[in-house]
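**Student:** need a 3D model of the sequence below.
(2 chains)
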Amino acid sequence: MSKFLGQFTHHLIRYATWLPPLICFNNYVAQATFISGPSMYPFLNPQYHESLRQDLCLVYKMYAQQNLDRGMLVTFRNPDDPDKITVKRIVGLEGDMVRTKPPYPHEYFQVPEGHVWVAGDGDKSKDSNYYGPISIRLITGRITHILSPWNRAGRVRWWEHPVHLDGDVNAGSLGSR
Amino acid sequence: MSGRQFGGLLGDLLGHPFRTVIFAGKFLAFTHLFFEYGIQTAPAQGPSMLPTFELLGQWLVVSRRHRFGRNVEVGDLVAYNIPVDENVGVKRILGLPGDYIMLDTPGRESQAMIQVPQGHCWIVGDNLAASRDSRYFGPVPLALIRGKVVATIKPFHFQWVEKNPFHRENRSPAI
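**Tutor:** Residues are numbered from 1 along each chain as shown, chains lettered A, B, ... in the order given. Purely as a prediction, here's the structure:
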């Protein structure tokens, strides 16, 4: 029995020593995360009204705050609640004139330096239209792949979204570049 | 000289470069996490926090336990990611969510006040004349706070940060 315990403890410690590197990988390279909420409907969680299933996505965390562009799906710390990580789409870059949606008080808004305008694809979304532009330094990663369910799994082709293609007015950004 | 002559960890690593690299990686990751979630020290410079901090050459000890504004109170010194910049700043918190705060410097014509929005804080430097703070870029999301400054280190001199001047028991009777 004692030999079993000895070997068990030895192996337990051996596997436990892999935790710091794995935690570092999750924090700085990439992490898989479930998406909760309907704010990115129908791109993410299209089954929101029919099932409790949540989409599983890959968040790529390297160089998260660099080379941002309209149409990208980014994760960021919520300016309303610092303990929450939120997923939204970048609709306006700094300098862009964005067309806002209610409840934002002004119809048009120019995104200030160092900030981006984010919006959810769905109707029910607490995004920049609610809390204004977010500082780029809040951004923690970008969604690069959908991992589950299988029929929608694959690379997130953010560059094919209308907001990126032509600064589509209806999608929110008039662009300036 | 072979590993068999040594016991324990050293015996496992000597002569096995691959194992050594893995061990070093694990150790580095552990150490990194220890500092990331515990205590960090960094040099500070600039006039915006005079006379609390010196212009140059002083190191600040930041507690990561207070990252994202956890357990932070009005009057605390915090290190934060500057919202419009790439740098880290250090300022004092004057308003937490829900507090009413004066927008401009006292003594100016404008007496306008706002209420600090949910999830944000209002930070101001101790040297009002030489500080770019919330009076310039508005309320700062609590998520940008890196931690609370708990102590400072000047050459050969470690000192805990003074008690919070806004706490009732620390106020002088005149206030």
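**Student:** show the subsequent helix or strand relative to the helix ranked longest in chain B.
**Tutor:** Longest helix in chain B, counting residues (DSSP state H): helix B:17-37. Sequence-wise, the next helix or strand downstream of helix B:17-37 (DSSP states H and E) is strand B:39-44.
**Student:** check the offset of that next one from the chain's centre.
**Tutor:** Centroid displacement of strand B:39-44 relative to its chain, using C-alpha atoms, centre = their mean, to the nearest Å, is 8 Å.
**Student:** try stretch B:83-94
**Tutor:** So, by C-alpha atoms, centre = their mean, the centroid of stretch B:83-94 is 9 Å from its chain's centroid.
**Student:** one step back: the longest helix of chain B close to chain A?
**Tutor:** Yes - counting by C-beta under 8 Å from any C-beta of the partner chain, chain A is contacted by helix B:17-37 at B:25-26, B:29-30, B:32-33. For every residue, glycine as well, the C-beta is placed using N, CA and C.
**Student:** what's that helix packed up against?
**Tutor:** When contacts are defined as 3 or more C-beta pairs under 8 Å, 6 or more residues apart in numbering or on different chains; DSSP states H and E, helix B:17-37 sits against helix A:19-28, helix B:8-13.
**Student:** looking at the residues of helix B:17-37 next to chain A, which is nearest residue A:122?
**Tutor:** Within the residues of helix B:17-37 next to chain A, distances to residue A:122 taken as C-beta to C-beta reach their minimum at residue B:33, with 36.1 Å.
**Student:** burial count for residue B:152?
**Tutor:** Residues within reach of residue B:152, counting by other C-beta atoms under 10 Å in any protein chain shown, total 21.
**Student:** what's the burial count for the closest residue to residue B:13 other than its chain neighbours?
**Tutor:** Using C-beta to C-beta, 6 or more residues apart in numbering or on different chains and skipping residues adjacent in sequence, the residue nearest residue B:13 is residue B:20, 4.7 Å away. For residue B:20, the count of nearby residues is 13 (other C-beta under 10 Å).
**Student:** pLDDT score assigned to residue B:20?
**Tutor:** Residue B:20 carries a pLDDT score of 90 in this model.
**Student:** what comes up buried for whatever helix or strand residue A:130 lives in?
**Tutor:** For residue A:130, the host element (DSSP H and E) is helix A:128-131. Going by neighbour count (16 or more other C-beta atoms under 10 Å in any protein chain shown), the buried part of helix A:128-131 is A:128-129, A:131.
**Student:** for the residues you listed, which one is nearest chain B?
**Tutor:** residue A:131 (7.7 Å; C-beta to the nearest C-beta).
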